[in-house]
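S.K.: Based on what follows, work out the 3D shape:
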Amino acid sequence: WKHFSPMEEEDHTLRFCLEERDFEAGVLELEAIVNSIRRSRKIIFVVTQNLLKDPLCKRFKVHHAVQQAIEQNLDSIILIFLEEIPDYKLNHALCLRRGMFKSHCILNWPVQKERVNAFHHKLKVALGSRNSA
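M.R.: Residues are numbered from 1 along each chain as shown. Next up, the predicted model:
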């Protein structure tokens, strides 16, 4: 989050939904997840080894995000890879493949700190892209 919060502060039209900050108190977690996915223009998955092991992510979050993308015929999912994850592991763990997404919706976190601004620009392009078939 520390890498994305400056983007939100810099561009007030940009608003990320964070479970810890934005979920309504008293609403069941699963219901809050579905509601936030429905309200979002874009859904970002920050892909790490830990995410691949999270059963809630595979069985629920990814499923609902993909269902929304299919139902609305939208290009609305963005994958951000913080680590090198082979496609077969992504497919096995989350039933996702890089080939399912447009290239501008697949981002890799930069190893060099001086590339972070370029990454932010690529993310803004992905977030600003029109949802289309």
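S.K.: residue contacts, the residue nearest the centre of the chain?
M.R.: Nearest to the geometric centre of the chain sits Ile44, at 1.0 Å (CA atoms, centre = their mean). For Ile44, the contact set (CB atoms under 8 Å, 6 or more residues apart in numbering) comprises 16, 77-80. Glycine gets a C-beta too; all of them are placed from N, C-alpha and C.
S.K.: 7 Å - rerun?
M.R.: Contact analysis of Ile44 by CB atoms under 7 Å, 6 or more residues apart in numbering lists 78, 80.
S.K.: The one 5 residues further on now?
M.R.: Applying CB under 7 Å, 6+ apart, one finds that Gln49 lies in contact with Glu83.
S.K.: at 10 Å instead, please
M.R.: Neighbouring residues of Gln49 by CB atoms under 10 Å, 6 or more residues apart in numbering: 82-85, 89, 93.
S.K.: for Ile85, same thing?
M.R.: Ile85 makes contacts with 47-49, 51-52, 79, 93-94, 98, 108, as judged by CB under 10 Å, 6+ apart.
S.K.: Next up, phi/psi of it, please.
M.R.: Main-chain dihedrals, Ile85, degrees, to the nearest 10: phi -120, psi 120.
S.K.: For PyMOL, write the selection for the buried entries among the contacts of Gln49.
M.R.: Only the buried members of the contacts of Gln49 enter the following PyMOL selection, criterion being 16 or more other CB atoms under 10 Å:
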select buried, resi 85+93
